[in-house]
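**Q** Sequence first, predicted model second:
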Amino acid sequence: MSDLFWLTDEQMERLRPFFPKSHGKPRVDDRRVLSGIIFVNRNGMRWRDAPREYGPHKTLYKRWGDMGIFMRMMDGLSAAKAEPQTIIIDATYLKAHRTASGLPVKKGDPGRLIGRTKGGMNTKPHAVTDQNGRPLCFFITDGQISDYTGASALLDSLPMAQWLLADRGYEAGWFRDALEEKGIRPCIPGRRSRGKPVKYDKRKYKRRNRIEIMFGRLKDWRRVATRYDRGPTVFFSAICRAATVIFWL
């Protein structure tokens, strides 16, 4: 197939420092397996339908997802290239397919991080980007969870920045106070229900659409736009892979 995806030698060199050490039996071709994983995620096919050029589908599915390797790749590459003087926070909805949400949760399982909203069954990724809309960190929750919960979870992950841009969904006194304690100035419009209007830099706020563009590009990857994976760790890895390839390689 002429339209198969293959990582270049240069891209592999950037990723190699984040590979786990091989213990005992040597791993199969990393370039072949990683390229296959990216191909499946981008095109939305089942793992078992991956082209044979990428090797056994079970190898693609199991590679490193539960080890946090793909999150480490995104964190490491973004740390070297990010421009976090201004950061942006927002969240979106990703629809869960029935294959991901239809089975009951086992006893002791923390859950699949899938919740019911007006739009159906969804997972909600919360994200922080740099001023150019390139993702720095993610946090996923059930679809019905509020933006405040994601903001609280991401607070400790925020880089040193001068400004944070966010929409009215993040308008809360505790969040503004937490940002100011970290030396970050919030650029968040006040809710219309507020008695006293909140002043904010409207010109700077226009850059907030960069994070919406980022979410749109992530959703071009079909296994991100629609969640087929039952396990939240596998799905979170897919989001990190897409972010790494699109924005940091």
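**A** Ah, there it is.
**Q** Could you use CA atoms for every contact and neighbour count after this?
**A** Fine.
**Q** Verify the contact between Ala161 and Ile184 for me.
**A** Yes: under the criterion of CA atoms under 8 Å, Ala161 makes contact with Ile184 at 5.8 Å.
**Q** Please say which of these two ends up with more neighbours.
**A** Ile184 (21 against 18; other CA atoms under 10 Å).
**Q** That one is in contact with Leu158, isn't it?
**A** No: assessed by CA under 8 Å, Ile184 is found out of contact with Leu158, at 9.6 Å.
**Q** any common contacting residues for those two?
**A** Common neighbours of Ile184 and Leu158, using CA atoms under 8 Å, 6 or more residues apart in numbering, do not exist here.
**Q** quick one, helices of the protein?
**A** 9-15, 30-43, 57-62, 69-81, 98-101, 147-154, 173-181, 202-205, 209-218, 222-225, 232-243 (DSSP state H).
**Q** How far does the last one sit from its chain's centre?
**A** The chain centroid and the centroid of helix 232-243 are separated by 6 Å under CA atoms, centre = their mean, to the nearest Å.
**Q** Distance check, Trp163 against Asp156.
**A** According to CA to CA, to the nearest Å, Trp163 stands 16 Å off from Asp156.
**Q** Which of those two has more residues huddled nearby?
**A** Trp163 (20 against 9).
**Q** Give the lowest-confidence helix or strand of this protein, using mean pLDDT as the measure.
**A** helix 57-62 (a mean of 81; mean pLDDT, DSSP states H and E).
**Q** buried ones in that one?
**A** Neighbour counts over helix 57-62 (16 or more other CA atoms under 10 Å) mark 57, 59-61 as buried.
**Q** Among those residues, pick out the one closest to Ser146, please.
**A** Among the buried residues of helix 57-62, Tyr61 lies closest to Ser146 (CA to CA), at 31.0 Å.
**Q** Tell me who's in contact with the residue nearest to the closest one when sequence neighbours are not counted.
**A** Distance criterion CA to CA, 6 or more residues apart in numbering; nearest residue to Tyr61, sequence neighbours excluded, is Trp47 at 6.6 Å. The contact partners of Trp47, taken as CA under 8 Å, 6+ apart, are 40, 57-58, 60-61.
**Q** Met160 too?
**A** 84-85, 182-184.
**Q** Could you turn the buried ones of these into a ChimeraX selection?
**A** The following ChimeraX line selects those of the contacts of Met160 that are buried, judged by 16+ other CA under 10 Å:
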select :84,184
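**Q** Could I get the contacts of Met160 in JSON lines, plus columns for pLDDT?
**A** Output for the contacts of Met160, formatted as JSON lines (pLDDT from 0 to 100):
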{"residue": "Pro84", "pLDDT": "87"}
{"residue": "Gln85", "pLDDT": "93"}
{"residue": "Lys182", "pLDDT": "95"}
{"residue": "Gly183", "pLDDT": "95"}
{"residue": "Ile184", "pLDDT": "96"}
